[in-house]
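Asks: predicted model and sequence follow; I will ask about them next.
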Amino acid sequence: MSNFQNTSNKMTNFRWLICAMLFFATTVNYLDRQVLSLTWKDFIAPEFHWTDDNYGDITAIFSLVYAVANLFAGRFIDWMGTKKGYLWAIGIWSLGACLHAVCGYATEHVVGIHSAAEMVAATGAVASTIAITSVYFFIAARVVLGLGEAGNFPAAVKVTAEYFPKRDRAFSTSIFNAGATVGALVAPVTIPSLASYFKGLGVGNGWEMAFIVIGGLGFIWMGIWLFMYKHPSENPHVNAAELAYIEQDKHEEEAAAAASANEKEEKKLSFLQCLKYRQAWAFAIGKFMTDGVWWFFLFWTPAYISDVYGFKSDSGTAQLLIFVLYAITMLSIYGGKLPTIIINKTGWDPYAARMRAMFIFALFPLLALFAQPLGAYSYWYPVIIIGIAGAAHQSWSANIYSVVGDMFPKSAVATIIGFGGMAGGIGSFLINKGSGMLFTYADESQMAFMGFQGKPAGYFIIFCICAVAYLIGWIIMKALVPKYKPIIVK
């Protein structure tokens, strides 16, 4: 018997180490996702002659693959189990991240060019061929990345449901979800610098090694997870007091499910069964309306700073701007705590408290309506506003994930998360594809909108869409599920 098990009077806190692992996995997840957005404009595009539309195609296809994979990722995690499922997910996405590094060499081989310098110097039809060919290779790498990354949140939310009682799930979710912010925070001060460093050493154009170094972090995480994770009831580092705390909702869940004295295995929901529940659709619509906003900020902010204000991604000013932006989004760690505060003060059920908190978070993105107009006075204004909107998104995200754990049995959590993730991915596909097309058109035609011209006009339009998305999503969710109603799978 371990020392942890012998300690009967003092509760162990191993669940927070598990939460830390989820945090680091999510951090790696977003670092891998950010390498392309931080290198394409200044390192990759000159080599492959990309336009905004080309980049929009790559990010849109990634979003679509991520969406479809989410539909199956939840079922895969439920089937494989938390430990093995998470290992498979991060292994696949880390491989996909590293595969980006060979896209340049593959393009050279197919086009018949012998160096990156020749590709940069190419013009006319050859340049178009390089662009199209390279886009296909990058899409292939993004497909592998998307297939793996789709498993992160279903697995992480399932672990949270296993290791935390309902009252703590939003807070623990906000902690691991903050990994997305930390990944986005660390990325701008590391990835362009890595690319510049390796370019200076003459290792390709630098961006290749950035993908390999960041992608390799996932394999390190896998080694730690392999030896660390066990179900709470089987984990020697979880004593009886902590296990009792983790399982404090067990009696309530059994009563709600009208369980018999002999414990029965929970049935899993099929995809078609998911469609019968308004709760599933409420979650899916909430994700559809809002996930694309975060992904737009994630994928396009470096290009926005470069296009509108002229700062390259490896410049000190650009790195500082993006760092400050995501430092502001770190405020989201308190977003998961707000429902607990509301519950303690009002005695409301978790769903009511969460919806009240989500309404509050839905109001902050409205500031994005002023991002572009205020940018005429200083580039700091849009950066700060995007940071506030990002913090609101992450707070919203932590709570909308926890809604699933509140309403669905544990056996169905990953499946519903996957269903909602698919909806969020479709929303992300639409906003990324639309943004790429809009920015290319706005630049070529010098489109005018509300006093802005060219790309600034295009960005203003997208900012307006981002601003109202959360409030619309909240209204639809509240209309579908006005009150707390847990799902019982028979």
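Replies: Done, it's in.

Asks: ok, and what's touching stretch 80-92?
Replies: Contact with stretch 80-92 is made by 25, 28-29, 73, 76-79, 144, 147-152, 155-156, 158-159, 162, 218-219, 221-222, 225-226, 229-231, as judged by Cβ atoms under 8 Å, 6 or more residues apart in numbering. Yep, even glycine has a C-beta here, placed from its N, CA and C like the rest.

Asks: just the buried residues of that stretch, please?
Replies: Judged by neighbour count (16 or more other Cβ atoms under 10 Å), stretch 80-92 contains these buried residues: Met80, Thr82, Lys83, Gly85, Tyr86, Leu87, Trp88, Ala89, Ile90, Gly91, Ile92.

Asks: next SSE after the helix or strand hosting the last one?
Replies: Per DSSP states H and E, Ile92 falls inside helix 82-99. Elements were assigned by DSSP H and E; along the chain past helix 82-99, the next helix or strand is helix 103-111.

Asks: counting contacts, what elements does the very next helix or strand once past that following helix pack onto?
Replies: The helix or strand immediately downstream of helix 103-111 is helix 116-121, counting by DSSP H and E. Here helix 116-121 touches helix 45-48, helix 103-111, going by 3 or more Cβ pairs under 8 Å, 6 or more residues apart in numbering; DSSP states H and E.

Asks: just send these back as a markdown table, with mean pLDDT and distance to Ala467 too.
Replies: What follows is these, written out as a markdown table (pLDDT from 0 to 100; distance: least, Cβ to Cβ, whole Å):
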| stretch | mean pLDDT | distance to Ala467 |
| --- | --- | --- |
| helix 45-48 | 90 | 28 |
| helix 103-111 | 90 | 35 |
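
Asks: okay if I get these as TSV plus distance to Ala20 and mean neighbour count?
Replies: Converted to TSV, the helices and strands packed on helix 116-121 look like this (distance: least, Cβ to Cβ, whole Å; neighbours: other Cβ atoms under 10 Å):
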stretch	distance to Ala20	mean neighbour count
helix 45-48	37	19
helix 103-111	33	18
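
Asks: save the ones you listed as JSON lines, and put in distance to Phe62 too.
Replies: Formatted as JSON lines, the helices and strands packed on helix 116-121 follow (distance: least, Cβ to Cβ, whole Å):
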{"stretch": "helix 45-48", "distance to Phe62": "17"}
{"stretch": "helix 103-111", "distance to Phe62": "14"}
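
Asks: what's the closest of those helices to Ala357?
Replies: For the helices and strands packed on helix 116-121, proximity to Ala357 was assessed by Cβ to Cβ; helix 45-48 is nearest, at 40.5 Å.

Asks: next, the contact list for the residue lying closest to Ala357 once chain neighbours are set aside, please.
Replies: Spatially, and ignoring its direct neighbours in sequence, Ala357 is nearest to Leu338 (4.3 Å; Cβ to Cβ, 6 or more residues apart in numbering). Going by Cβ under 8 Å, 6+ apart, Leu338 touches Ala357, Ile360, Ser395.

Asks: Phe408: which of these is nearest?
Replies: Here the nearest of these to Phe408, counting by Cβ to Cβ, is Ala357; it sits at 19.4 Å.

Asks: contacts for whatever helix or strand the closest one lives in?
Replies: Assessed by DSSP H and E, Ala357 sits inside helix 350-363. By Cβ under 8 Å, 6+ apart, the list of residues contacting helix 350-363 from outside reads 166-167, 170, 335, 338-340, 342-343, 346, 348, 392-393, 395-396, 399-400, 402-403, 406-407, 470-471, 473-474, 477-478, 481, 483-484.

Asks: which parts of that helix are buried?
Replies: For helix 350-363, by 16+ other Cβ under 10 Å, it's 350-362.

Asks: now stretch 448-462
Replies: Per 16+ other Cβ under 10 Å, stretch 448-462 contains these buried residues: Phe449, Phe452, Gly454, Lys455, Pro456, Ala457, Gly458, Tyr459, Phe460, Ile461, Ile462.

Asks: equivalent analysis for stretch 297-315, please.
Replies: Buried-residue list, stretch 297-315, by 16+ other Cβ under 10 Å: 297-309, 311, 313-314.

Asks: ok, which stretches of the stretch 101-250 of the chain are helices?
Replies: Applying DSSP state H, counting those that start in this stretch to the stretch 101-250 of the chain gives helices spanning 103-111, 116-121, 124-149, 152-163, 166-200, 207-228, 240-246, 250-256.

Asks: what angle do the helix or strand hosting Lys433 and helix 152-163 make?
Replies: Lys433 is part of helix 410-445, with elements assigned from DSSP H and E. Here the directions of helix 410-445 and helix 152-163 differ by 150 degrees (axes from the mean of the first three to the mean of the last three Cα atoms, to 10 degrees).

Asks: pLDDT on helix 410-445, on average?
Replies: Averaging pLDDT along helix 410-445 yields 85.

Asks: report the mean per-residue pLDDT for the helix or strand that that helix is followed by.
Replies: Remark: after helix 410-445, the chain's next helix or strand is strand 448-449, criterion DSSP H and E. Mean pLDDT, strand 448-449: 89.
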